[in-house]
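1. Generate coordinates for the sequence data below:
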Amino acid sequence: MGKQYFGTDGVRGTVGQDPMTADFAMRLASAAARVLVPTGGIVLIGKDTRLSGYMFESALEAGFVAAGADVLLLGPLPTPGIAVLTQEFNADLGVVISASHNPYYDNGIKFFDGTGSKLNDDVERQIEAQLEQSVITLESKLLGKAKRIDSARIRYQEFCAATFPSNLSLAGLKIVFDGANGAAYKVGPRTLGDLGADLIPIGCSPNGRNINDGCGSTHTTLLQTTVPAIAADVGIALDGDGDRVVMIDENGELIDGDQLLYILAIARKASGQLKGPVVGTVMSNLGLEHALRDKDIEFQRAQVGDRYVLEMLKKTGGMLGGETSGHVIILDRTTTGDGMVCALQVLAVMQETGRKLSELVAGMSKYPQTMINVRVARKTNPHDSPVIREAAAKAQSELADTGRIVLRASGTEAVIRVMVEGQNKQVVDDVAKRLADVVAAASA
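-> I've put the predicted structure just below:
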């Protein structure tokens, strides 16, 4: 059975439009309380820097308190920080108010269970099934309480710093940090500064409307220009809620999540710490798979979404996985994708080896990749069409083992994504165009 509201990462949409309204947020809190929070349970609520965060924070607080839960308000804090503190406070549920890398006029709500892990599909379906019920309002003596936790940011900073090797420091590294004017605007600079970095912050002046606006992991032009211009060693860019990271090498080149996974996998294997396969997604670059194979490191693919990467890591006994976008999960350090923790692990490799970031990624070649979004009349599975299946098989035969094809329906709109990658850019472009034309014709 499908889900109406929950997508790959919680509920998300434009503020003021269903489902991102104050009324829905209160109903969602009440539904989540029915499923996951006993009377007298504890719920943590954190948010990013969007203006609408105040509204949703209040609505969620009301819904949970009315259902008898005690609410701890964390204020602006990266998504992985809420996961960490959910465990630290022995809470039943952690709630994040954020639309990640989206613009300020969007927002979202996502949950962590008491172990700091994202909810699985079955639990999300159970919550949705409760949304039509009336909002719970218990009698006065059973209502919950709410209070602010002023130490939340410091606690998370200390957690991040503790994942960095105690025998190392960041002294001697000039780092440009881009906080996306988001949830990590204080945590990032202060953690890096405390570890000894010579730090230049950008994107760390949120005003409620400038989150992800020309900055952060999805808009790296300024960071890529700044790093070589001031002779910095490295740049770090998080997204608005701090759960994904990309880095910039000393030459201004973008180092994405696939490349960060490569660096960490190679380092962990060299130190004897790597366990199980490295897990990417169906969209991870083929160059990563081939580079890891050359180092005798197993690589497996999950469906798109960092929680599916996590599920496969747990199933296979792996410890390292992630997505091209920069959601990187390092299970011997944390329970979810964490931009700061990932960046610190990469910086540790730089300091341990004395090598520049460009040198650490030199062993991996990214294959050219072309993505064409084909708009269709209605949401449909491209693999249900014999015509599309036949065209895809023929195209894959043409690429052989030097490339691959991914066809998948968007989870949020009536679009089929046609992705082709391989060693030859011209061949990749040609195959993608031909296949997209077939998809468009078959889906008309």
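
2. got the residue ranges for the helices in the stretch 301-444 of the chain?
-> Assigned by DSSP state H, counting those that start in this stretch, the helices in the stretch 301-444 of the chain fall at 306-316, 339-353, 357-360, 386-399, 425-442.

3. Could you count how many residues lie near the residue nearest to P228 when sequence neighbours are not counted?
-> Once flanking residues are discounted, P228 sits nearest to G252: 4.4 Å by Cβ to Cβ, 6 or more residues apart in numbering. For every residue, glycine as well, the C-beta is placed using N, CA and C. By other Cβ atoms under 10 Å, the residues close to G252 number 17.

4. For G16, give its distance to G208.
-> Remark: distance between G16 and G208 (Cβ to Cβ, to the nearest Å) = 15 Å.

5. Show the low-confidence segments of this protein, by residue range.
-> Counting by pLDDT under 70, the low-confidence segments of the chain come to 1, 411-412.

6. Could you chop it up by domain?
-> 11-150, 156-360, 369-442 (automatic domain parsing).

7. Would you map the strands across the stretch 251-400 of the chain?
-> Here the stretch 251-400 of the chain has its strands, by DSSP state E, counting those that start in this stretch, at 254-255, 278-281, 299-302, 320-322, 328-330, 369-375.

8. Report the buried residues of the longest one.
-> Yep, that's strand 369-375 we're talking about. Within strand 369-375, the residues that count as buried by 16 or more other Cβ atoms under 10 Å are 369-370, 372, 374.

9. Quick check: neighbours of that strand in the sheet, parallel or antiparallel?
-> Within its sheet, and counting by DSSP bridges, strand 369-375 is paired with strand 415-422 (antiparallel).

10. swap in the first one?
-> The strands beside strand 254-255 in its sheet (DSSP bridges) come out as strand 245-248 (antiparallel).

11. in the strand or helix carrying Y156, what's buried?
-> Counting by DSSP states H and E, the element that carries Y156 is helix 152-162. For helix 152-162, the neighbour count (16+ other Cβ under 10 Å) marks 152-153, 155-157, 159-161 as buried.

12. list the helices and strands it packs on?
-> strand 70-76, helix 79-88, helix 187-194, helix 339-353 (3 or more Cβ pairs under 8 Å, 6 or more residues apart in numbering; DSSP states H and E).

13. Could you say which of those is packed most deeply?
-> helix 79-88 (a mean of 26; mean count of other Cβ atoms under 10 Å).

14. mind listing what's buried in the helix or strand following that helix?
-> Next along the chain after helix 79-88, taking DSSP H and E as the criterion, comes strand 93-97. The neighbour-count check on strand 93-97 (16+ other Cβ under 10 Å) flags 93-97 as buried.

15. Just the residues contacting strand 93-97, thanks.
-> 10, 29, 32, 36-37, 41-48, 50, 53, 56-57, 60, 69, 79, 82-83, 85-86, 107-114, 116, 241 (Cβ atoms under 8 Å, 6 or more residues apart in numbering).

16. Take those residues and keep only those in strands.
-> In this view, the contacts of strand 93-97 that belong to strands under DSSP state E are 42-47, 107-113.

17. hang on, R27 packs against I127?
-> No: counting by Cβ atoms under 8 Å, R27 does not reach I127; the two are 10.3 Å apart.

18. hang on, the earlier thing: and the helix or strand following the helix holding Y156, what does it pack against?
-> Later in the chain than helix 152-162, the nearest helix or strand by DSSP H and E is strand 174-178. Under the contact criterion of 3+ Cβ pairs under 8 Å, 6+ apart, strand 174-178 touches helix 187-194, strand 198-202, helix 221-229, strand 234-238.

19. Using PDB, write down the CA coordinates of strand 174-178.
-> Provided in PDB are the C-alpha atoms of strand 174-178 (Å, rounded to 0.1, in the frame of the first residue of the first chain):
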ATOM      1  CA  LYS A 174      42.600  26.900   6.100                       C
ATOM      2  CA  ILE A 175      39.000  26.000   5.600                       C
ATOM      3  CA  VAL A 176      36.100  27.800   4.000                       C
ATOM      4  CA  PHE A 177      32.800  26.700   5.500                       C
ATOM      5  CA  ASP A 178      29.500  27.300   3.800                       C
END
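
20. Adjacent strands (with direction) for it?
-> Take DSSP bridges as the rule and strand 174-178 pairs in its sheet with strand 198-202 (parallel), strand 234-238 (parallel).

21. now that strand against helix 187-194, angle please.
-> Counting by axes from the mean of the first three to the mean of the last three Cα atoms, to 10 degrees, strand 174-178 lies at 170 degrees to helix 187-194.

22. what separates strand 174-178 from the chain centre, distance-wise?
-> With Cα atoms, centre = their mean, to the nearest Å as the basis, strand 174-178 stands 20 Å off its chain's centre.

23. one step back: okay if I get the strands of the stretch 251-400 of the chain as a markdown table plus distance to M340?
-> Below are these laid out as a markdown table (distance: least, Cβ to Cβ, whole Å):
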| stretch | distance to M340 |
| --- | --- |
| strand 254-255 | 16 |
| strand 278-281 | 21 |
| strand 299-302 | 23 |
| strand 320-322 | 14 |
| strand 328-330 | 11 |
| strand 369-375 | 27 |
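
24. do you know which of those lies nearest A392?
-> Nearest to A392, of all those, is strand 369-375, at 12.9 Å by Cβ to Cβ.

25. Isn't D258 up against T324?
-> Yes: between D258 and T324 there is a contact under Cβ under 8 Å: 5.0 Å.

26. What residues does the spatially most central residue of the chain make contact with?
-> Nearest residue to the geometric centre of the chain (Cα atoms, centre = their mean): H327, 4.0 Å. Contact partners of H327, counting by Cβ under 8 Å, 6+ apart, are 243-244, 257, 306, 309, 337.

27. Phi first, then psi, for it.
-> Main-chain torsions, H327, degrees, to the nearest 10: phi -70, psi 100.

28. Just give the closest residue to R378, not the sequence neighbours.
-> R378 sits nearest to A414 (Cβ to Cβ, 6+ apart), 5.6 Å away.

29. any idea how far that neighbour is from V406?
-> For A414, the distance to V406 (Cβ to Cβ) stands at 18 Å.

30. Repeat that for M340.
-> Note on M340: its distance to V406, by Cβ to Cβ, is 30 Å.

31. My read is that E421 contacts M283, right?
-> No: E421 is not in contact with M283 according to Cβ under 8 Å; the separation is 9.3 Å.

32. and A441, how many neighbours?
-> If you count neighbours by other Cβ under 10 Å, A441 ends up with 12.

33. actually E413, not the one I typed
-> When neighbours are counted by other Cβ under 10 Å, E413 registers 10.

34. can you tell me which residues contact it?
-> Residues near E413 by Cβ under 8 Å, 6+ apart: K379.
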